[in-house]
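Trainee: below are the sequence and a predicted model; questions follow.
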Amino acid sequence: MRPYYDHKGIKIYHGDCRDILPHLGIVDLILTDPPFNANKKYGSGTNDLMSWPAYCEWLCPIITQMEQMCSGPVMIFASVNGMLELCRIKRPKHICVWDKPLSFAPRLGNSTFMPHWEPCLIYGNIYGNQRGESGRQTYHISDVWHNNPAERNGHPCPKPLPLLKRIIRDIPAILILDPFMGSGTTLVAAKQLNSRAIGIEIEERYCEIAAIRLSQEVLDFGDQLPPQLEQADLYADEEPLPISGEP
């Protein structure tokens, strides 16, 4: 299995994570942000408008697969609706909250309430071992995170780089995995903290964006889009591609 990108401990695989995960070994932390089933414009390889039962039927086996290959926490960002459905079918061991600034952008629908937070479901091993037993240190971190929204980087739903860096810094991990890598912010965070990381992404254009972000050896653009990717940012404004079936 040949990586799309492989440099200084950071690897990217282009493909469906369901096909690639069985070929990977044990990792220490999984930190990922799968499609929210909110009809976002990810690309032709992603159906982001399924029924909720179909969404859970697609994602829950992947969560189980991730639990089996991770020695530490499996941390999955979700929408509020997604959280409610996933908790009903596959109960997490804990839920963290990203407290993000309120968006005043026009929204679809007639809901009175505007989203001001985002859940992160925690599966896998949430108990850090005491130092000396297995070499890993006990971790005690807050389950409420306060960070500003991410800048656009060519992906419709990026997470803030400081948020992901905080999570990675707080949880001891030698090897980190993001099976829904998107534009690669998890990998950029890992690189800046001198951690090894693996990313998987089904859309090749996001693999390209991530590879270019990771190749910035001197200039640190943070959440900002590197100059080479100004054109790629137009992807976020394209009309949705036709959905031809569920993943």
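Mentor: Great, that's in hand.
Trainee: need phi/psi at the closest residue to Tyr5 other than its chain neighbours.
Mentor: The shortest distance from Tyr5 to any non-neighbouring residue, by CB to CB, 6 or more residues apart in numbering, is to Ile12 (3.9 Å). Quick note: C-beta positions are derived from backbone N, CA and C, even for glycine. Per-residue torsions, Ile12: phi -120, psi 130 (degrees, to the nearest 10).
Trainee: please name the bridge partners of Ile12.
Mentor: Tyr5, Gly199 (DSSP bridges).
Trainee: where exactly do the strands run in the chain?
Mentor: Assignment of strands within the chain using DSSP state E yields the ranges 5-7, 10-14, 29-32, 73-77, 94-99, 117-124, 144-146, 175-178, 196-201.
Trainee: any chance of CSV for those, columns mean pLDDT?
Mentor: Shown next, in CSV, are these (pLDDT from 0 to 100):
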stretch, mean pLDDT
strand 5-7, 97
strand 10-14, 98
strand 29-32, 98
strand 73-77, 96
strand 94-99, 94
strand 117-124, 94
strand 144-146, 89
strand 175-178, 98
strand 196-201, 98
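Trainee: worst mean pLDDT across the helices and strands of this protein, which element?
Mentor: helix 80-89 (a mean of 86; mean pLDDT, DSSP states H and E).
Trainee: now tabulate the strands of the chain in TSV and tack on mean neighbour count and distance to Ala190.
Mentor: Shown next, in TSV, are the strands of the chain (neighbours: other CB atoms under 10 Å; distance: least, CB to CB, whole Å):
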stretch	mean neighbour count	distance to Ala190
strand 5-7	15	12
strand 10-14	22	7
strand 29-32	25	9
strand 73-77	25	13
strand 94-99	15	19
strand 117-124	19	17
strand 144-146	14	17
strand 175-178	26	5
strand 196-201	26	4
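Trainee: out of the ones you listed, which gets nearest to Ser215?
Mentor: Ser215 sits nearest to strand 5-7 of all those, at 7.6 Å, using CB to CB.
Trainee: other SSEs contacting the closest one?
Mentor: strand 10-14, helix 204-214 (3 or more CB pairs under 8 Å, 6 or more residues apart in numbering; DSSP states H and E).
Trainee: helices or strands up against the longest one?
Mentor: The one in question is helix 204-214. strand 5-7, strand 10-14, helix 185-192, strand 196-201.
Trainee: residues of it that come out buried?
Mentor: Tyr206, Cys207, Glu208, Ile209, Ala210, Ala211, Ile212, Arg213, Leu214 (16 or more other CB atoms under 10 Å).
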